[in-house]
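Asks: What follows is a predicted protein model with its sequence.
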Amino acid sequence: MGSPHEAEIVACIPSLRRYARGLAHDPQRADDLVQDTLERAWGRFSMWQRRGAIRSWMFGIMHNLYIDRLRSQRNSPEEDAGEELPEAVAAPADRLGLRDLERALQRLSTEQREVLLLVGVEEMSYREIASAIGVPIGTVMSRLSRARERLRAELDDRPAPAKMQRVK
Amino acid sequence: MTPMDPDLPTPDAGSPVSEADLHGYVDGQLPAWRYDEVERHLASHADDRARVETWRRHTEMLHRLLDPVLHEPLPPRLPLRRPAPPLWRGLAAGIAIAVLSAGAAWLARGAFDRAESAASPVATAGPAASAAAQGAPVGELAGFALRAAAAHALYSPEQRHPVEVGADEESHLVAWLSKRLGTPLKVPGLKGVGYELVGGRLLPGDTGPVAQFMYHDASNQRLTLYLTRQPSAPGQATQPAFRFGRDGRVNVFYWIDKDFGYALSGSADRQELTRVANEVYRQLGGS
């Protein structure tokens, strides 16, 4: 908090935690990821050249760390298939629906999950996401499209015509 | 519908609505003029309308699934600031010392958190504290004072939502926060020392909910008062210990009194914070 930019990093923490939870599912691992991200951000803070927004920079760091971590896990697989969902994420009434959503989310590919969360939950612009995760904007769009179609197929069972007319 | 253009999400006026347009519509990322065109398309394409509806519903569910994380207390292991002060020791010795102090600061941080209430007071008791505290060295913040500084840094720059409940609903604010903290609270009125109440919010602390009141002066300088339950350590002096510390740009004047921790944070200097803190202390049951 020595500079406004440092305060901005601190201000990113709640949304970094939210994103990490969606990405890594297990709260402990999600916070490991947040901790590593912050440590790297503070360590490289002097190298941040003010070329872009701090927020995309931070999410970019988290993206790189997460990908690295997945790669190393692939070599020493440690399966978490039976793991329970975090408690108290929602009121009981809609817990069932959210549980299905959580499951479908974790079944997406990492690339699709990242983009879906950055767009839908973190509300970043497509361009910002492209620069944070280092892919062309067209790739962001196609991942988003596949992620949304996959969720729709899994959660809505290929919506019946009656459901398609549903108006909010 | 045309297939998605891989590299150009910005549509041309009057062009057929693409899948990228539908995503842009749901995500609020279209140029303003394009919304009408997409809406006209949706009016006559039930299948696209259904897709858009479903995407929206899923987005909203993702928020419900994950937004609760925003309100969880931050795990204490997260580093909230840069570990090493870089250049002030001089460039020559810089690197070695910076590495050393980074490690030390990191270790000290945990120790401070644990030993928070045992830390040595810089002054004891009452309005007289101001004089003593002003002469004391600036302390490293720890425990609730560090969290107060972080909360100040987080919310005081906020233009649109600096508080959850505004000063116009002061009695509601007091009733609400009193209920959540489980004790009757009083919001100190600081008009006498030049600060007007903006409002307050409830925050997660490490031992339960915490209240934050925000004030501003005529030039819109903001101060926050952070209030947390803080059981006094056994054998601790009955008189509160007043301390002053700094975290980055945030100065904090803090004390523990009758099982409550108080921290007044702002970018105002020590003298100013001391002046206001004395008023707070006086009003909240001090002598």
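Replies: That came through, no problem. Just so it is clear, the model here is predicted, and its values are computed rather than measured.
Asks: low-scoring stretches of chain B, by residue?
Replies: B:1-10, B:84-139, B:232-240, B:285-287 (pLDDT under 70).
Asks: Point to the residue nearest the middle of it.
Replies: residue B:151 (2.4 Å; Cα atoms, centre = their mean).
Asks: Which residues does the host helix or strand of that residue contact?
Replies: Assessed by DSSP states H and E, residue B:151 sits inside helix B:143-155. Here helix B:143-155 makes contact (Cβ atoms under 8 Å, 6 or more residues apart in numbering or on different chains) with A:1, A:7, A:10-11, B:74, B:80, B:112-113, B:116-117, B:141, B:162-163, B:201, B:203, B:205-206, B:210, B:212, B:214, B:224, B:226, B:228, B:230, B:243, B:245, B:247-250, B:252, B:254, B:261, B:263, B:265-266. In short, each C-beta sits where N, CA and C put it, glycine included.
Asks: Can you tell me which of those are buried?
Replies: A:1, A:7, A:10-11, B:74, B:80, B:112, B:116-117, B:141, B:162-163, B:201, B:203, B:205, B:210, B:212, B:214, B:224, B:226, B:228, B:230, B:243, B:245, B:247-250, B:252, B:254, B:261, B:263, B:265-266 (16 or more other Cβ atoms under 10 Å in any protein chain shown).
Asks: Looking at the contacts of helix B:143-155, which are in strands?
Replies: B:201, B:203, B:205, B:210, B:212, B:214, B:224, B:226, B:228, B:243, B:245, B:247, B:250, B:252, B:254, B:261, B:263, B:265-266 (DSSP state E).
Asks: The closest residue to residue A:120 other than its chain neighbours in helix, strand or coil?
Replies: Residue nearest to residue A:120 in three dimensions, not counting chain neighbours: residue B:59, with 4.1 Å by Cβ to Cβ, 6 or more residues apart in numbering or on different chains. Here residue B:59 takes the helix state, with states given by DSSP: H, G, I helix; E, B strand; the rest coil.
Asks: ok, residue B:59 to residue A:122 distance?
Replies: 11 Å (Cβ to Cβ, to the nearest Å).
Asks: do residue A:71 as well
Replies: 23 Å.
Asks: Neighbour count for those two, which is higher?
Replies: A side-by-side neighbour count of residue A:71 and residue A:122, using other Cβ atoms under 10 Å in any protein chain shown, places residue A:122 first with 18 against 9.
Asks: surely the more buried one meets residue A:62?
Replies: No - in this structure, residue A:122 is not within contact of residue A:62 by Cβ atoms under 8 Å, at 10.8 Å.
Asks: okay, and the common contacts of these two?
Replies: residue A:19.
Asks: Tell me the residues of the stretch 51-200 of chain B that contact chain A?
Replies: Proximity of the stretch 51-200 of chain B to chain A (Cβ under 8 Å from any Cβ of the partner chain) is limited to residues B:51, B:53-59, B:61-70, B:72, B:74-75, B:77-83, B:86, B:149-150, B:153-154, B:157.
Asks: now those: which count as buried?
Replies: Neighbour counting over those (16+ other Cβ under 10 Å) leaves B:51, B:53-55, B:57-59, B:61-62, B:65-66, B:69, B:74, B:78-83, B:86, B:149-150, B:153-154 as the buried ones.
Asks: Okay, helices next: where are they in chain A?
Replies: Here chain A has its helices, by DSSP state H, at A:4-24, A:27-44, A:54-75, A:92-107, A:110-120, A:126-133, A:137-156, A:161-164.
Asks: I'd like to check which residues are in contact with residue A:114.
Replies: By Cβ under 8 Å, 6+ apart, the neighbours of residue A:114 are A:23, A:63, A:66, A:133, A:143.
Asks: Dump the residues you listed to TSV, plus distance to residue A:17.
Replies: Output for those, formatted as TSV (distance: Cβ to Cβ, whole Å):
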residue	distance to residue A:17
A:23	11
A:63	15
A:66	13
A:133	18
A:143	23
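Asks: For those residues, give me TSV that also has neighbour count and distance to residue B:45.
Replies: Listed next are the contacts of residue A:114 as TSV, based on neighbours: other Cβ atoms under 10 Å in any protein chain shown; distance: Cβ to Cβ, whole Å:
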residue	neighbour count	distance to residue B:45
A:23	20	33
A:63	21	35
A:66	22	37
A:133	22	31
A:143	23	24
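Asks: Need the max-distance pair from the residues you listed.
Replies: Greatest spatial distance among the contacts of residue A:114 (Cβ to Cβ): A:66 and A:143, at 14.9 Å.
Asks: Tell me which helix or strand residue B:54 sits in.
Replies: Per DSSP H and E: helix B:46-66 holds residue B:54.
Asks: can I get the CA coordinates of stretch B:23-37 in PDB?
Replies: C-alpha atoms of stretch B:23-37 as PDB (Å, rounded to 0.1, in the frame of the first residue of the first chain):
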ATOM      1  CA  HIS B  23     -22.000 -13.300 -26.600                       C
ATOM      2  CA  GLY B  24     -21.200  -9.600 -26.700                       C
ATOM      3  CA  TYR B  25     -24.800  -8.900 -26.100                       C
ATOM      4  CA  VAL B  26     -25.000 -11.100 -23.000                       C
ATOM      5  CA  ASP B  27     -21.700  -9.700 -21.700                       C
ATOM      6  CA  GLY B  28     -22.400  -6.100 -22.400                       C
ATOM      7  CA  GLN B  29     -19.400  -5.800 -24.700                       C
ATOM      8  CA  LEU B  30     -21.000  -4.600 -27.900                       C
ATOM      9  CA  PRO B  31     -20.700  -1.100 -29.300                       C
ATOM     10  CA  ALA B  32     -23.800   0.800 -28.200                       C
ATOM     11  CA  TRP B  33     -25.400   1.000 -31.600                       C
ATOM     12  CA  ARG B  34     -25.300  -2.800 -32.100                       C
ATOM     13  CA  TYR B  35     -27.700  -3.700 -29.300                       C
ATOM     14  CA  ASP B  36     -30.800  -2.700 -31.200                       C
ATOM     15  CA  GLU B  37     -29.700  -4.800 -34.200                       C
END
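Asks: That concludes my questions; thank you for your assistance.
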